[in-house]
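Engineer: Here is the input, now give the coordinates:
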Amino acid sequence: MPSRRQRLAEILDRSGAQAFLAQSRPNQLYFLDHPDPSTVISRGSAPAILFSADRTVIFPGIWIANACRDMLPNCEVIPCELGDPSPMDQLDAYLRKAGLKKIVSDHLSPQIAGTEVVVDDVGAVLRRCKDERDLAFMREAARISDLGMSTAFKTVRPGLTTLEVVAEGTAAMLRAGAEYAVMNPAVGIGTYYLDSGEDPRRVIKEGDMLFIDMAAYVHGYLGDMTRAVIVGEGNAQQRELLATVHQAYRAASQAMVPGAEGRKIYQGVVDCYAAKGWAKYFVHHLSHGLGLGGDRPGINRESGDVLQAGDALSCEPGLYVPGLGGARVENMIYVSAKGPEELTKCPIVPQLGF
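Structural biologist: Below is the predicted model of the structure:
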């Protein structure tokens, strides 16, 4: 596969543009010439980075100017000190001086005299097909996610709060190298998807349904997973609910092959739930893209995406039944030419701590 910058240069050449203006963090991390750009731009984004065929020009603002200067020797870093013009004013002056007639930008940018600015997130297009570097970082994010999830569930026992449980899982991920980690638990007879943002002080009881959604960023890449359990034996309806979610997950994840239509995969989940009379309790998307952020494709009720080899996305069917409880299973899926690969490997029924 051609390098990231080579593929970008080909797109720019076809459009007659001389450079790509990246203002979003995912695009900046994707194209920067550094083994791990997330160590340079560790939070947020640089105000602007201009990528052309043969150079990278960074307008860092005062807050990351030193890091860019010291850690990106192959880039031109525009100095910015207290009292200097703003990064966008510096960009305007640079473009005027360089005489660039046309650039492509991933965000709506102010008009620049003498330069045509075309708003087109070509970075998102190129980021969709994962390369070896993407996969290496995503596998590491998945490994750390597995550790966090298994640690959290091994802590679960009646009498603890969900906050105590996720504190252990989150700490495990941070100790293992995650730059950021969060876990959202939902326990009891919650009725809505958004119950995953509930009061974390709720006490876990025997017979509760419990699910934990987590996210961790590793080298700038998202690790994402959800697991659901019954605390203890539960009742027959709870066991049926959990088994139905597992069935929907297996069918949907196995259908994630090159050429598959997202809308049909989503409908398969709806049909699975409808057979139990629960379709109306599936209230969210089935998939979102994975990678550096805002990646394609996604799958929902109105999805027009067709899966391609190289895609990476979540698979997360859930059910949230009033008076009974909520359950969701989510894994990171890589769509290879040979079929779907689960990057996250924590058991679908995690081991509890009692």
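
Engineer: Any idea how far apart the tips of stretch 274-281 sit?
Structural biologist: 10 Å (C-alpha to C-alpha, to the nearest Å).

Engineer: which residues touch it?
Structural biologist: For stretch 274-281, the surrounding residues in contact (C-beta atoms under 8 Å, 6 or more residues apart in numbering) are E240, L241, T244, V270, D271, Y273, L319, Y320, V321, P322. Any C-beta I mention is one placed from the backbone N, CA and C, and that applies to glycine too.

Engineer: Write the ChimeraX selection for whichever of these are buried.
Structural biologist: In ChimeraX, this line selects whichever of the contacts of stretch 274-281 come out buried by 16 or more other C-beta atoms under 10 Å:
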select :241,244,270,273,319,320,321
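
Engineer: Just put the contacts of stretch 274-281 in CSV and tack on pLDDT, secondary structure and distance to S336.
Structural biologist: Listed next are the contacts of stretch 274-281 as CSV, based on pLDDT from 0 to 100; DSSP: H, G, I helix; E, B strand; the rest coil; distance: C-beta to C-beta, whole Å:
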residue, pLDDT, secondary structure, distance to S336
E240, 98, helix, 33
L241, 96, helix, 32
T244, 98, helix, 28
V270, 98, helix, 26
D271, 98, helix, 26
Y273, 98, helix, 28
L319, 93, strand, 29
Y320, 91, strand, 32
V321, 89, strand, 35
P322, 84, coil, 39
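
Engineer: mind listing the strands for this structure?
Structural biologist: 19-22, 48-52, 56-59, 76-77, 102-105, 116-119, 180-187, 209-218, 221-230, 312-315, 318-321, 325-328, 331-336, 339-342 (DSSP state E).

Engineer: Can you tell me the strand partners of the shortest one and which way each runs?
Structural biologist: When pairing is defined by DSSP bridges, strand 76-77 lines up against strand 56-59 (parallel).

Engineer: all helices of the stretch 101-250 of the chain, in order?
Structural biologist: In the stretch 101-250 of the chain, the helices defined using DSSP state H, counting those that start in this stretch lie at 122-127, 132-155, 162-175, 236-254.

Engineer: right, and those - which one's nearest F354?
Structural biologist: Distance to F354, taken as C-beta to C-beta, is lowest for helix 132-155 among these, at 9.6 Å.

Engineer: ok, H107 to G291 distance?
Structural biologist: Counting by C-beta to C-beta, to the nearest Å, the separation of H107 from G291 is 18 Å.

Engineer: and these two? which has more neighbours close in?
Structural biologist: G291 (24 against 13; other C-beta atoms under 10 Å).

Engineer: quick one: low-confidence parts of the chain?
Structural biologist: 110, 189-198 (pLDDT under 70).

Engineer: Throw the helices of the stretch 101-250 of the chain into TSV and include distance to K102, thanks.
Structural biologist: What follows is the helices of the stretch 101-250 of the chain, written out as TSV (distance: least, C-beta to C-beta, whole Å):
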stretch	distance to K102
helix 122-127	13
helix 132-155	29
helix 162-175	44
helix 236-254	43
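
Engineer: out of the ones you listed, which comes closest to D33?
Structural biologist: Nearest to D33, of the helices of the stretch 101-250 of the chain and by C-beta to C-beta, is helix 132-155 at 12.1 Å.

Engineer: Give me the buried positions along the closest one.
Structural biologist: For helix 132-155, a neighbour-count test (16+ other C-beta under 10 Å) marks 134-135, 137-155 as buried.

Engineer: Please work out how many residues are found near the closest residue to G220 other than its chain neighbours.
Structural biologist: Among residues not flanking G220 along the chain, S38 sits closest, at 3.7 Å (C-beta to C-beta, 6 or more residues apart in numbering). The tally of other residues near S38 (other C-beta under 10 Å) stands at 19.

Engineer: same thing with the one 10 residues further on?
Structural biologist: Summarising burial for A48: neighbours were counted as other C-beta under 10 Å, giving 23.

Engineer: ok, now D70?
Structural biologist: Neighbour count for D70, taken as other C-beta under 10 Å: 10.

Engineer: Return the residues in contact with it.
Structural biologist: For D70, the contact set (C-beta under 8 Å, 6+ apart) is empty.

Engineer: Could you list the domains of this protein?
Structural biologist: Domain ranges of the chain: 4-127, 132-342, per automatic domain parsing.

Engineer: right, and the helices of the stretch 101-250 of the chain - which one's nearest E330?
Structural biologist: Of all these, the one in closest proximity to E330, counting by C-beta to C-beta, is helix 236-254 (8.2 Å).

Engineer: who's in contact with that closest one?
Structural biologist: Contacts to helix 236-254, defined as C-beta under 8 Å, 6+ apart, come from residues 207, 209, 228-230, 265-266, 268-269, 272-273, 276, 278, 286, 315-319, 321, 324-325, 327-329, 331, 333, 340, 342, 348.

Engineer: one more time with 6 Å
Structural biologist: With contact meaning C-beta atoms under 6 Å, 6 or more residues apart in numbering, helix 236-254 is reached by 209, 230, 265, 268-269, 272, 276, 315, 317, 319, 324, 327, 329, 333, 340.

Engineer: ok, now stretch 109-119?
Structural biologist: D92, L95, L100, K102, I103, V104, S105, L108.
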